[in-house]
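Peer 1: what's the 3D shape of this:
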Amino acid sequence: MIDTGKLPEVKLAIIGGSGVYAIDGLKDIKTINITTPFGSPSDTITIGTIDGVSCAFLPRHGKGHRFTPSEVNSCANIIALKMLGVKKIIAISACGSLRDDYKPRHFVLPDQIFDRTKNRPLSFFSNGIVGHIAFANPFCTCLRETLHKSVRELGIEHHNGGTYVCIEGPQFSTKAESLFYQKSGFDLIGMTAIPEAKLAREAEICYAMVALITDYDAWKENDEVTPEVVLSVMKENNSNVERLIKYVLPKIGDNTTCTCTTQCQNALKNAIYTAPEIISEKIKENLAPLISKYIK
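Peer 2: Now for the predicted structure:
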């Protein structure tokens with residue numbers, strides 16, 4: 001277990017999705033290699049400042065895009081950020097649209113998730129410890145509102161709200177699947193919100209997503225998703241991502257406490273059901289960044 005006292009402390013983090021592998025404009029840069037009880041994160045974590053505000057950056061798929069959505073070690077990514085003291089995460093994620101009015105190049109701040117994944121670890125709590133967090137509202141309402149205000153002030157075409165259906169991938173949907181998701185009332189489709197959002201809540205970190213629409217998935221006649229289309233639109237989206245990050249970080253600044261109804265930063269209070277006396281010392285050590293304030 002790493003001694004977190006030897007690590008730099010940073011309160012805000014960006015997790016970059018497809019096409020977002022670095023943040024331009026970071027100053028005072030240092031890179032951190034962390035090994036966690038759950039393995040290594042997707043890549044080294046970059047720490048720097050924007051307008052004097054410290055920020056950590058982690059590319060979800062690794063630099064050069066090495067990991068499929070199912071291969072991303074989200075447990076290691078989230079606990080590594082927790083070990084750095086991160087209180088709020090802004091997750092950037094490319095996605096497809098299931099609605100005519102949610103157009104490519106638009107940003108979306110989803111407020112719900114529907115999980116269709118099959119093969120991913122979904123929790124830090126297993127193998128001798130059980131935790132049941134509340135997850136009715138998967139995104140931090142405080143952080144979402146700050147992001148919403150910022151994209152609105154920047155004049156970025158966006159939508160505030162929507163249900164993101166998370167599929168396993170790495171293949172895009174069949175037309176039948178895409179039509180099913182659309183008729184089910186879902187608004188967006190992607191491959192990475194789960195388990196990332198669940199693990200962030202278990203780690204008591206505020207988490208909100210900026211979804212970048214690249215395509216119409218496969219439901220729309222004569223406008224089906226292709227790798228070429230996705231890559232082209234991703235490049236255009238990235239300039240607005242950089243604008244947003246530079247604009248929103250100073251707005252958050254040192255205000256990293258959570259006052260929203262989701263109670264992100266107290267999610268584990270009364271959520272650990274296992275009697276403390278039967279939790280092994282190994283589990284207590286491995287999960288110390290998450291549970292030490294509740295279980296000694």
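Peer 1: Which helix or strand lies directly C-terminal to the helix or strand hosting Val108?
Peer 2: Following DSSP states H and E, one finds Val108 within strand 107-109. Next in sequence after strand 107-109, counting helices and strands by DSSP H and E, comes strand 112-116.
Peer 1: Show me what that following strand pairs with in its sheet, parallel or antiparallel.
Peer 2: Here strand 112-116 has these sheet partners by DSSP bridges: strand 163-167 (parallel).
Peer 1: Give me the distance from the strand it pairs with to the chain's centre.
Peer 2: Computed by C-alpha atoms, centre = their mean, to the nearest Å, the separation of strand 163-167 from the middle of its chain amounts to 13 Å.
Peer 1: Can you list the helices and strands that the helix or strand that it is followed by packs against?
Peer 2: Next along the chain after strand 163-167, taking DSSP H and E as the criterion, comes helix 175-183. For helix 175-183, there is no helix or strand it packs on, judged by 3 or more C-beta pairs under 8 Å, 6 or more residues apart in numbering; DSSP states H and E. For every residue, glycine as well, the C-beta is placed using N, CA and C.
Peer 1: If you count contacts, what does the following helix or strand past helix 175-183 end up packed against?
Peer 2: Using DSSP H and E, the helix or strand that directly follows helix 175-183 along the chain is strand 188-190. If you count contacts as 3+ C-beta pairs under 8 Å, 6+ apart, strand 188-190 packs onto strand 88-97, strand 163-167, strand 206-215.
Peer 1: quick one on the thing from earlier: now do the strand holding Val108, average pLDDT.
Peer 2: For strand 107-109, the mean per-residue pLDDT is 97.
Peer 1: Sheet partners, orientation included, of that strand?
Peer 2: Assessed with DSSP bridges, strand 107-109 is paired to strand 158-160 (parallel), strand 206-215 (antiparallel).
Peer 1: now the angle between strand 88-97 and the last one, please.
Peer 2: If you take axes from the mean of the first three to the mean of the last three C-alpha atoms, to 10 degrees, strand 206-215 sits at 20 degrees to strand 88-97.
Peer 1: Same question for whatever helix or strand comes next after strand 206-215: list its buried residues.
Peer 2: Toward the C-terminus, strand 206-215 is succeeded by helix 227-252 as the next helix or strand (DSSP H and E). Applying a neighbour-count criterion of 16 or more other C-beta atoms under 10 Å, one finds 230, 233-234, 237-238, 240-241, 244-249, 252 buried in helix 227-252.
Peer 1: rewinding a little: give me the residues contacting the strand holding Val108.
Peer 2: The contact list for strand 107-109, computed with C-beta atoms under 8 Å, 6 or more residues apart in numbering, reads 95, 102, 139, 144, 147-148, 151, 156-162, 187-188, 208-213, 237, 240, 244.
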